[in-house]
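Please work out how this folds:
(2 chains)
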Amino acid sequence: MERVPILKLGDILIVSIQIDLQDQGVLALQEDLADAVVEHRARGVIIDITAVEIVDSFIGRMLSTIASISRVLDAETIVVGMRPAVAITLVELGLSLGGVRTALNLEKGVALLHSRDGVDSDTVTR
Amino acid sequence: MTVHSEADRHRIDVLLQDQEERITRRWIDIAVANAGGHAARGALTERLREIYPALQRALAKDGENGELRRLLAELSRGQARQGFTPSETVVLVLGIKEAVYEVIEAEEDSETLRGYHWFCKFVDDLGLFTFETFAAARERIITDQAEQLLELSTPVVKLWDGILAVPLVGTLDSARTQVVMEKLLQALVETGSEHAVIDITGVPAVDTQVAQHLLKTVVAARLMGAECVVSGIRPQTAQTIVTLGIDFGDIVTKASLAEALAYALRRSGVQISEGSGKRVVVGVERA
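From the prediction side, this is the model:
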């Protein structure tokens, strides 16, 4: 089974999904990510889905779950690089990814996390 | 086909041959008189003179009327494009019946009159064919225009670095929303814009369906990491929205495009300050 690599950049973890994730892969990613957040004391998690062309409700739920797990561990999750077609599909499926912040690309995602760090860390949105 | 009717047909053929000039003239007169005031006599004369020999050949060959049909189709398509009514078009073809009848009556030829009945049926078929072509041509024009409208009416414009606007004009339905949504999201990715203003000043009525479509677009943009502001909500529209109980949730709405732009600029960290005189000084706040 292919594992998705988790990259560390300062206090941010970056996960770039470039393969078709199966159920097992998703569960493994959730475990790996939870471990990594604790190990590196990460403040933010960025999930890059630029390469993801097809989404279903399962992937949508995966993103929400990862965000929830990270929040419990005091790290903010940002999903970046969603394609228009993917966004439209998610809306049509009725999934709005509650609790997940989004950014247009990796650069803006990193900038967003840094700008949040400047603000009082107690202000948690949603 | 019986020998009897064969003979009658032959008489019509001969009549059309012998009285060609007279019938054509009369036909053109009738056609111009019936085809509405805005018909150009010159163009019509040319067309009918072209059709007449084709009609003769079709009658002689019985059924082999491909050329005639082609000419008639051309005629009715032209009429449809120029905005003539269906009856104004069909009457052009049916006019020949009257022209032929007048000639037969003047000749007092009762033998030919029997063939006339058969001739009428033939022309009626042509009339129906003309009408069908006319309707098809109209249908096509409408479809083409609908497509053009769809392309024309959904521009995505750049207001500022990182701020896009979509001025919506006309009624919003599912098909249009789909186009608007796709265009806007694509533009957001291409330009890397984090703010978008959807201006609905030109949308005549907002009902639950339109609101639903707007919400979808805003949510999709948000999923991609961009914020949408809905602007151009008129007092009437605001009342309708409240009366219908539509909930825009936490979507920012502004009364005018100007306010929406000011809001988006503020959000993206651009400061606008009015200096002395009418000069507008713009500076970007660096993080």
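
Dump the C-alpha coordinates for the longest helix belonging to chain A into CSV.
As assigned by DSSP state H, the longest helix anywhere in chain A is helix A:23-40. What follows is the C-alpha trace of helix A:23-40 in CSV, where atoms were taken according to Å, rounded to 0.1, in the frame of the first residue of the first chain:
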residue,chain,number,x,y,z
ASP,A,23,-10.1,3.4,2.2
GLN,A,24,-6.9,1.9,3.7
GLY,A,25,-4.7,4.7,2.5
VAL,A,26,-7.0,7.3,4.0
LEU,A,27,-7.0,5.5,7.4
ALA,A,28,-3.2,5.2,7.3
LEU,A,29,-2.9,8.9,6.4
GLN,A,30,-5.1,9.9,9.4
GLU,A,31,-2.9,7.9,11.7
ASP,A,32,0.4,9.1,10.3
LEU,A,33,-0.8,12.7,10.4
ALA,A,34,-2.0,12.5,14.0
ASP,A,35,1.4,11.0,15.0
ALA,A,36,3.3,13.6,13.0
VAL,A,37,1.3,16.6,14.5
VAL,A,38,2.2,15.4,18.0
GLU,A,39,5.8,14.5,17.2
HIS,A,40,6.6,17.8,15.5
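
Report the buried residues of it.
Buried positions in helix A:23-40, judged by neighbour count with 16 or more other CB atoms under 10 Å in any protein chain shown: A:G25, A:V26, A:A28, A:L29, A:D32, A:L33, A:A34, A:A36, A:V37. Where C-beta positions appear, they are placed from N, C-alpha and C, glycine not excepted.

next one: stretch B:98-110
Under 16+ other CB under 10 Å, the buried positions of stretch B:98-110 are B:E98, B:A99, B:V100, B:V103, B:I104.

Tell me which two in these are the farthest apart.
B:E98 and B:I104 (10.8 Å; CB to CB).

hmm, back to that, give me the helices and strands touching the longest helix of chain A, please.
strand A:6-9, strand A:12-16, helix A:57-72 (3 or more CB pairs under 8 Å, 6 or more residues apart in numbering or on different chains; DSSP states H and E).

Of the buried residues of stretch B:98-110, which is the nearest to chain A?
Nearest to chain A out of the buried residues of stretch B:98-110 is B:E98 (CB to the nearest CB; 60.1 Å).

per-residue pLDDT, the residue lying closest to that closest one once chain neighbours are set aside?
Nearest residue to B:E98 in three dimensions, chain neighbours excluded: B:I30, at 5.6 Å (CB to CB, 6 or more residues apart in numbering or on different chains). pLDDT for B:I30: 82.

Is B:I30 in contact with B:V93, as I believe?
No - counting by CB atoms under 8 Å, B:I30 does not reach B:V93; the two are 10.9 Å apart.

Show me which of these two is the more surrounded one.
B:V93 (25 against 19; other CB atoms under 10 Å in any protein chain shown).

and the more buried one, what does it touch?
If you count contacts by CB atoms under 8 Å, 6 or more residues apart in numbering or on different chains, B:V93 has them with B:L72, B:V123, B:L126, B:G127, B:T130.

Am I right that the last one sits in a strand?
No - secondary structure assignment places B:T130 outside any strand; it is helix (DSSP: H, G, I helix; E, B strand; the rest coil).

Tell me the buried residues in stretch A:53-65?
For stretch A:53-65, a neighbour-count test (16+ other CB under 10 Å) marks A:V55, A:I59, A:G60, A:M62, A:L63, A:S64 as buried.
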